[in-house]
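# coords below, sequence missing:
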């Protein structure tokens with residue numbers, strides 16, 4: 001019935017047994033033990049992508065948890081309408097409820113397939129799915145601290161001894177595996193519960209959390225007595241992989257969400273600083289530069305004096321009244337350089353040393 005699962009599982013186990021059998025020997029218990037461990041790791045590696053989708057789906061469901069509670073309160077007496085509204089809400093947020101439980105659903109047939117393969121290793125068997133008769137004998141004679149991988153604690157004594165094992169050796173190997181697998185199951189469930197949003201907690205959620213935290217680990221501890229040692233190795237390695245995978249993927253997703261929040265916060269800050277539609281952007285006011293005093297030069301031309309005086313006033317010295325000199329002094333020629341642009345040779349009423357320049361209006365020394 002499950003041959004479509006049993007053959008692929010047996011093929012993966014066959015490949016890993018060939019690898020480790022070449023190192024430790026084909027009948028070595030270590031080779032078969034590592035083959036089962038790496039069979040588990042191979043299956044879980046294939047399921048990494050569905051597991052990531054499961055985590056993201058759970059995160060999205062936590063985001064719209066308040067809306068779910070409103071629907072539950074509104075349609076608490078109409079379960080059909082509640083299911084329809086829940087389906088509509090999940091489709092709006094792009095959440096597939098099947099995606100959150102897909103990895104667990106895929107592991108169940110693998111578990112039963114491996115159980116069928118391991119229980120198919122029986123004496124005088126001509127084959128076991130992908131394994132031949134010699135490989136069946138190799139598995140049956142694989143010794144692991146005095147126990148055989150096909151042995152289990154609740155096994156009949158005559159069947160146990162026919163395989164070459166004894167109860168004391170089986171308990172010595174099985175009991176630690178059962179305890180460690182139970183503890184690993186508890187911590188895996190505890191890590192999942194710690195990631196849940198308290199806002200989404202309901203009465204059903206609390207019951208399921210208690211079941212996964214305590215009932216499942218206790219079930220491994222109790223029913224492990226009916227599991228072959230090879231299947232206990234699978235259960236233990238599966239829980240160890242799950243615990244490490246959860247820690248790494250949750251850490252990566254948390255980092256991605258923090259980066260997205262930082263980018264969104266930066267966008268909101270920039271949008272608040274940007275001007276609104278139709279609003280003229282404000283520009284910073286410029287302070288007026290203080291005016292610098294402009295000093296007039298005696299050698300400046302009239303044009304330059306007029307241009308500078310149009311911008312800033314030029315301070316002029318008050319003109320003094322000319323003193324009257326004797327008439328003989330008026331006949332003297334003015335000093336060189338006192339000629340103006342109009343060509344006049346002297347200014348009447350002034351001596352040469354008291355004459356002024358028409359350009360600057362200042363007395364010459």
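In hand now; what should we look at? Model, not experiment: these values are computed from the prediction. Numbers count the residues shown, from 1 in each chain.
# Any stretches of this structure with poor pLDDT?
For the chain, the stretches with pLDDT under 70 are 1, 94, 96-103, 197-203, 272-365.
# What helices and strands are in contact with the helix ranked longest in it?
In the chain, ranked by residue count with DSSP state H as the criterion, the top helix is helix 229-273. Contact partners of helix 229-273 among helices and strands, from 3 or more Cβ pairs under 8 Å, 6 or more residues apart in numbering; DSSP states H and E: helix 29-46, helix 48-63, helix 102-119, helix 167-194. C-beta here means a position set from N, CA and C on the backbone, and glycine is covered the same way.
# Okay, buried residues for the following helix or strand past the second one please.
So that's helix 48-63. Counting by DSSP states H and E, the next helix or strand C-terminal to helix 48-63 is helix 65-74. For helix 65-74, the neighbour count (16 or more other Cβ atoms under 10 Å) marks 65, 68, 71 as buried.
# For residue 75, see how far away the nearest residue to the last one once chain neighbours are set aside is.
Closest residue to residue 71 in three dimensions, ignoring its sequence neighbours and counting by Cβ to Cβ, 6 or more residues apart in numbering: residue 85, at 5.0 Å. Taking Cβ to Cβ, to the nearest Å as the measure, residue 85 falls 6 Å from residue 75.
# what do you get for residue 238?
39 Å.
# repeat for residue 45
As judged by Cβ to Cβ, residue 45 and residue 75 stand 42 Å apart.
# who has more neighbours, those two?
Shown here are residue 45 and residue 75; by other Cβ atoms under 10 Å, residue 75 has more neighbours (16 against 12).
# show me what contacts the more buried one?
Going by Cβ atoms under 8 Å, 6 or more residues apart in numbering, residue 75 touches 81, 82, 85.
# List buried residues within those residues.
Buried among these (16+ other Cβ under 10 Å): 82, 85.
# Using JSON lines, please lay out the contacts of residue 75 together with distance to residue 265 and secondary structure.
Formatted as JSON lines, those follow (distance: Cβ to Cβ, whole Å; DSSP: H, G, I helix; E, B strand; the rest coil):
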{"residue": "81", "distance to residue 265": "39", "secondary structure": "helix"}
{"residue": "82", "distance to residue 265": "36", "secondary structure": "helix"}
{"residue": "85", "distance to residue 265": "33", "secondary structure": "helix"}
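# quick check, nearest of the contacts of residue 75 to residue 209?
Distance to residue 209 across the contacts of residue 75 (Cβ to Cβ) is lowest for residue 82, with 22.3 Å.
# Could you pull up the contacting residues of the closest one?
Listed by Cβ under 8 Å, 6+ apart, the contact partners of residue 82 are 71, 72, 75, 76.
# Rebuild those residues as a markdown table, extending it with distance to residue 18.
As requested, the contacts of residue 82 are exported to a markdown table (distance: Cβ to Cβ, whole Å):
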| residue | distance to residue 18 |
| --- | --- |
| 71 | 55 |
| 72 | 54 |
| 75 | 57 |
| 76 | 58 |
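# which of those residues lies closest to residue 166?
residue 72 (56.8 Å).
# What distance do you get for the residue lying closest to the closest one once chain neighbours are set aside to residue 205?
Of all residues beyond its chain neighbours, the one nearest residue 72 is residue 82 (6.7 Å), with distances taken as Cβ to Cβ, 6+ apart. Remark: distance between residue 82 and residue 205 (Cβ to Cβ) = 16 Å.
# Same check on residue 77?
Distance of residue 77 to residue 205, given as Cβ to Cβ: 21 Å.
# swap in residue 258?
In this view, residue 258 and residue 205 are 26 Å apart by Cβ to Cβ.
# From the neighbour counts alone, determine which of these two ranks first.
Shown here are residue 258 and residue 205; by other Cβ under 10 Å, residue 205 has more neighbours (13 against 10).
# how deep is residue 58 tucked in, by neighbour count?
17.
# And the one 3 residues further on, by the same measure?
The number of residues packed near residue 61 is 18, by other Cβ under 10 Å.
# how far away is it from residue 27?
On the measure of Cβ to Cβ, residue 61 and residue 27 end up 50 Å apart.
# Can you report phi and psi for residue 148?
Per-residue torsions, residue 148: phi -110, psi 150 (degrees, to the nearest 10).
# which one is residue 81 nearest to, not counting chain neighbours?
Closest residue to residue 81 apart from its sequence neighbours, by Cβ to Cβ, 6+ apart: residue 75 at 4.7 Å.
# State whether residue 152 is indeed within a helix.
No. With DSSP: H, G, I helix; E, B strand; the rest coil as the criterion, residue 152 is assigned coil and is not in a helix.
# give the contact list for it.
Shown in contact with residue 152 (Cβ under 8 Å, 6+ apart): 170, 174, 225, 226, 227, 228, 229.
# from the contacts of residue 75, which single one is nearest residue 10?
residue 82 (44.7 Å).
# Go ahead and confirm residue 33 touches residue 233.
Yes. If you go by Cβ atoms under 8 Å, residue 33 and residue 233 touch, sitting 5.9 Å apart.
# between the two, who's got more neighbours?
Shown here are residue 33 and residue 233; by other Cβ under 10 Å, residue 233 has more neighbours (25 against 19).
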